[in-house]
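J.: here you go, sequence then predicted model.
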Amino acid sequence: MNLQKTIDNKSYISTGQFTGRSPKDRFIVINQSTQSTVEWNKINQPLSPDIFNKIKETYLKNKSFSYKEIREVGYINFTLHTNIGWAKHFYDNMTSIPTSNEVEWNIYHMPEVMCEFTPNPNCTIINFETKEIIICYSAYTGEIKKSIFSVLNFLLPQEGIFPMHCSANAGTKDGEDVALFFGLSGTGKTTLSSDPNRFFIGDDEHGWNPDNTVFNFEGGCYAKIINHDPSKEPVIDSAINKEGALFENVVIKDGYIDYDDSSITQNTRVSYPLENIDSSVMVEPIRKGKGVKNVFFLSYDAFGVLPPIMLFKDSQQAKKYFKLGYTSKVAGTEVGINEPQIVFSSCFGAPFFPLHVEKYVEMFDKFITDNDVKVWMINTGLNGKKERFSINFTRDLINSALAGDYSEEGQISAFGGVIPGRIGSYTIELLPIYYWENGDTTNLDYLNAINSLKEKFHNYEIQNS
């Protein structure tokens, strides 16, 4: 078992019934600013202003809050109103000290309130006209984090800033040679960006400016820690063992965390402020980078046919896969997800992007084209033996790619990208067939798995063309 001695029992919390986000209970108030700009669907669900006002009248009119905390995210001020002390703790971990006291947005966090005006008693509602967020009946802290992210994803493109669900690190202390890692929760964004041989910028949410600089929206990290291994994640391990780290839904045994115990949820988490990360592996100034050179799509492939790494030499291919956002939802990150499920999530984070998807896809295409950025796909999921690729193997591939230590020529993947003939010291290990029985490309199970996945790609493209 991976065990870690406890620091302070007040730093360990249970979020109760909800241990993951509930995206199908997220609503956006329909009004003049959202009616034609939001891509209305099963996640971006419309809520009338009248219902929103009824919710405010019923639950906020005479409501008092113990905590009122003004903080900054993505250079916009948000004020959290809550009666939950550890919600404030999480909020402080994940945000920054504001440069002004101007209140731009208000978040009303009410996990004790069962909303009677929505299909389920739990809900997250965003109103872009009144600049308010209301969260009811879910104490899962990720609802706070991702509702703020959704607001930024609506506002920042209007300023020419490309918002991204990605982590980022740099090759130098001053933030040069930026690598971006796109992926859904649980696919490795935090782990792979927290590389002791690189310099950390942020683990989940960033903005890309037209001058090819990037900035981290947040002031902290929110790491998934099921099966955490200190030897493989030394940067994260050091940070979570410092004061301020807030553990969620972990199992304590005899005064120790059992990182392998998923009896509460697969989605065990810890939040910690950036200050907890050793300054020697942080960019300076913190949260900022410049010169994006490489982008990595992190896809958890449950079929075992996606290669461990491939390079898109055609920007149209990169654009296509950005729109597809192929991966699997990892167990526990959302309500009802108990094992990996194949999913297409545009921009590698569809639930968080309110505008029409083509807006973000075109911004991505422009930014990689204008800045001559290399785009790679990494399989952080399963190989043909149905074993997950190891962190160390994936990290070796990424670091060799970043160093330019690979052959330009290689085999064309069944999915369009180029599998380099060599990356670092790896050659045959780069081919997905290597992990299947007998390594035979005529293996019917292998061919059927490829065709099944390609068919899913094709069907999704047709449905969303």
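T.: That came through fine.

J.: how about the helices of the stretch 1-150 of the chain, start to end?
T.: Here the stretch 1-150 of the chain has its helices, by DSSP state H, counting those that start in this stretch, at 49-59, 85-94, 142-155.

J.: export those to a markdown table and tack on mean pLDDT and mean neighbour count?
T.: Bear in mind the C-beta positions are built from the backbone N, C-alpha and C, glycine included. Putting the helices of the stretch 1-150 of the chain into a markdown table (pLDDT from 0 to 100; neighbours: other Cβ atoms under 10 Å) gives the following:
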| stretch | mean pLDDT | mean neighbour count |
| --- | --- | --- |
| helix 49-59 | 98 | 16 |
| helix 85-94 | 96 | 22 |
| helix 142-155 | 98 | 24 |
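
J.: nearest to G255, out of those?
T.: helix 85-94 (20.0 Å; Cβ to Cβ).

J.: show residues contacting that closest one.
T.: With contact meaning Cβ atoms under 8 Å, 6 or more residues apart in numbering, helix 85-94 is reached by 13, 66-67, 69, 71, 73, 80, 82, 109, 111, 139, 141, 144-145, 218-220, 222, 244-246, 271-273.

J.: so who does the nearest residue to D405 once chain neighbours are set aside touch?
T.: Spatial nearest neighbour of D405, chain neighbours left out: G424 (5.4 Å); criterion: Cβ to Cβ, 6 or more residues apart in numbering. When contacts are counted by Cβ under 8 Å, 6+ apart, G424 touches D396, L397, N399, S400, D405, Y406.

J.: give me phi/psi at the fifth one?
T.: Going back to what we said before, that points to D405. phi -90, psi 70 (degrees, to the nearest 10).

J.: hmm, back to that, mind checking which of the contacts of helix 85-94 land in strands?
T.: Counting by DSSP state E, the part of those found in strands is 13, 67, 69, 71, 73, 80, 82, 109, 220, 222, 246, 271-273.

J.: for PyMOL, what selects the buried ones among these?
T.: Command for PyMOL, covering only those of these found buried under the criterion 16 or more other Cβ atoms under 10 Å:
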select buried, resi 13+67+69+71+73+80+82+109+220+222+246+271+272+273
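
J.: returning to what we had before: can you flag which of the contacts of G424 belong to helices?
T.: The helices, defined by DSSP state H, take in D396, L397, N399, S400 from the contacts of G424.

J.: the residue nearest to the last one when sequence neighbours are not counted and D237: what is the separation?
T.: Nearest in space to S400, with sequence neighbours left out and distances taken as Cβ to Cβ, 6+ apart, is G424 at 3.4 Å. Taking Cβ to Cβ, to the nearest Å as the measure, G424 falls 25 Å from D237.

J.: and if you look at L382?
T.: Applying Cβ to Cβ to L382 and D237 gives a distance of 25 Å.

J.: how about G325: what's its closest non-neighbour residue?
T.: Per Cβ to Cβ, 6+ apart, closest to G325 is S345, 4.2 Å.

J.: what number of residues lie near the one you found?
T.: 19 (other Cβ atoms under 10 Å).

J.: for M114, same thing?
T.: By other Cβ under 10 Å, the residues close to M114 number 14.

J.: tell me where the stretch 151-300 of the chain is predicted with low confidence.
T.: By pLDDT under 70, the stretch 151-300 of the chain has no low-scoring segment.

J.: redo that, cut-off 90
T.: 184-186, 253-256 (pLDDT under 90).

J.: that one: strands as residue ranges?
T.: With strands called from DSSP state E, counting those that start in this stretch, the stretch 151-300 of the chain shows them at 162-170, 176-182, 199-202, 205-208, 213-216, 220-224, 246-248, 252-253, 256-258, 269-273, 288-299.

J.: how far off helix 142-155 does the first one point, in degrees?
T.: Right, the one you point to is strand 162-170. With axes from the mean of the first three to the mean of the last three Cα atoms, to 10 degrees applied, the angle from strand 162-170 to helix 142-155 works out at 110 degrees.

J.: partners of strand 162-170 in the sheet?
T.: Applying DSSP bridges to the sheet, strand 162-170 is found paired with strand 176-182 (antiparallel), strand 199-202 (antiparallel), strand 205-208 (antiparallel).

J.: ok, now the longest one?
T.: Paired strands of strand 288-299, with direction, are strand 176-182 (parallel), strand 213-216 (antiparallel), strand 374-379 (parallel) (DSSP bridges).
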